[in-house]
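> here is the input, now give the coordinates:
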Amino acid sequence: MQRKAYVTGTAALLAALLTGCTGGSGGSGAADDANPGDAGTATAAAQPGRYRTLPEPCGAVGHDTLDSLLPGIKQITDPSQRDKAYQGEAELTYDTDRKVGCRWKVASADATDRLSVDLERVVSYDNTVSDDDQADQLFRQKETAAHLPEPSGTPSASATQGDEPSGTPSGSASAADATGGPSSAPGSTSTSPDLQPRTLSDLGDEAYLDDQLAGSGSTAAQRTVTVVFRTSNVVVTIQYEEQPMAAGTTPDSKEMQDRARKLASRLDGALGG
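This is a model prediction of the structure:
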C-alpha cells in the first residue's frame, strides 16, 4: 500500500508539472500575440527625415559661383585677401548637425554684394509628426512671413500707362523702384509676373523666391533676393543683396534672381534633392 501511494503521488506531481508547462506555454503565446501589436505601433510612428548631418556651408559654394554672385572678388589683387573673401565667414553655431551658415561680403568698383547661406536640419520630437512635416511647418512660417503676392498671369493695368524712364537698366526696377517701393508693389511697372515674388516648382520639395528693393530718391537702391527651399527635413535660405555705388542706380532684378536660383539648384543637388 505504501508503494501504491508513492506511485499515485508521483503521478500527481508529474501532472502538476505538465500543467505548469502548458500554462507557461500559453502565457508565452499571449506575450507573442502582444508583440505584433507593439510592432504595429512602432510602424505607425512618424518616420525620421532623410538627413542626419549638414554640409559645411562655406565650402558648399564653389569659387565659380562666388565669382558670379560677388564680382568684386576677381578685382581683389592681394592673393591672401582674395582667398579670405572666397572662404567667407561661418556663422556661430553650437551644433553643426542641426544649423549652419556662412556669409560673404565683397565690394567692387560698381557695388557692394552680400551673400548668406543658411541650412537647418529639422528634427521632430513628436512621434506623431515626421521630421519632414516639422520642416514643412518651418518652411510655411517663412513663406507666410514673406507676404508673397497672389499669383498673377497678367501684368498690372498701370503697366500700359507709359514706358519706363530712360536710363533704367533692362529687366530692373523703374519708377516705383526708384522711389523705394518694393518690386512687387501693386501697380508697379518694375516687374513682369515672371519676376515677382513667387513660389518655385522646380526646386526641392517646395520653394519660394522673394525680391525686395530699398532706397529712395537720388540714393542707390539696394535689392535683396531671397530663395528658400525645403528638401526633406532640411530648410535652406539664400539671401543675396546688392548695393550699387552710384546714386540713382538700381540692381537688375532678373540677373540677381537668376544667380540666386542657380546657387539654390546647386545646393539642392549637393544635398541629393
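> check Pro186 and give its pLDDT.
Here, the pLDDT recorded for Pro186 equals 33.
> next: Ala46.
Ala46 is assigned a predicted lDDT (pLDDT) of 82.
> surely it is in a helix?
No: under the criterion used here (DSSP: H, G, I helix; E, B strand; the rest coil), Ala46 is coil, not part of a helix.
> name the nearest residue to it, sequence neighbours excluded.
Ser130 (3.8 Å; C-beta to C-beta, 6 or more residues apart in numbering). Just so you know, the C-beta spots here come from the backbone N, C-alpha and C atoms, and that holds for glycine as well.
> over to Asp118?
Asp118 sits nearest to Gly101 (C-beta to C-beta, 6+ apart), 4.0 Å away.
> what separates the one you found from Gln222, distance-wise?
21 Å (C-beta to C-beta, to the nearest Å).
> phi and psi next, for the residue nearest to Ala46.
phi -70, psi 160 (degrees, to the nearest 10).
> now swap in Tyr125 and tell me
Backbone torsions for Tyr125, taken as degrees, to the nearest 10, come to phi -100, psi 10.
> which pLDDT value belongs to Glu150?
So Glu150 comes in at 81 (pLDDT).
> name the SS class of it, please.
Under three-state DSSP, Glu150 comes out as coil.
> contacting residues around it?
Going by C-beta atoms under 8 Å, 6 or more residues apart in numbering, Glu150 touches no other residue.
> please look at the residue nearest to Ala46 and Ala45 and confirm they touch.
No: using C-beta atoms under 8 Å, Ser130 is not in contact with Ala45, being 9.0 Å away.
> which of these two has more residues huddled nearby?
Per other C-beta atoms under 10 Å, whichever of Ser130 and Ala45 has more neighbours is Ser130, with 19 against 11.
> could you check how far that one is from Glu91?
From Ser130 to Glu91 the distance is 27 Å (C-beta to C-beta).
> I figured Thr114 hits Glu241, correct?
Let me fix one detail, which is that residue 114 is Arg and not Thr. Yes: Arg114 lies in contact with Glu241 (C-beta under 8 Å); the separation is 4.3 Å.
> can you show me the strands along the protein?
Taking DSSP state E to define them, one finds strands in the chain at 89-90, 99-107, 111-121, 198-200, 206-214, 222-231, 234-244.
> okay, those in CSV with distance to Leu267, mean pLDDT and mean neighbour count next?
Shown next, in CSV, are the strands of the chain (distance: least, C-beta to C-beta, whole Å; pLDDT from 0 to 100; neighbours: other C-beta atoms under 10 Å):
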stretch, distance to Leu267, mean pLDDT, mean neighbour count
strand 89-90, 16, 96, 14
strand 99-107, 11, 97, 19
strand 111-121, 7, 97, 21
strand 198-200, 13, 95, 16
strand 206-214, 11, 95, 21
strand 222-231, 8, 97, 23
strand 234-244, 6, 97, 22
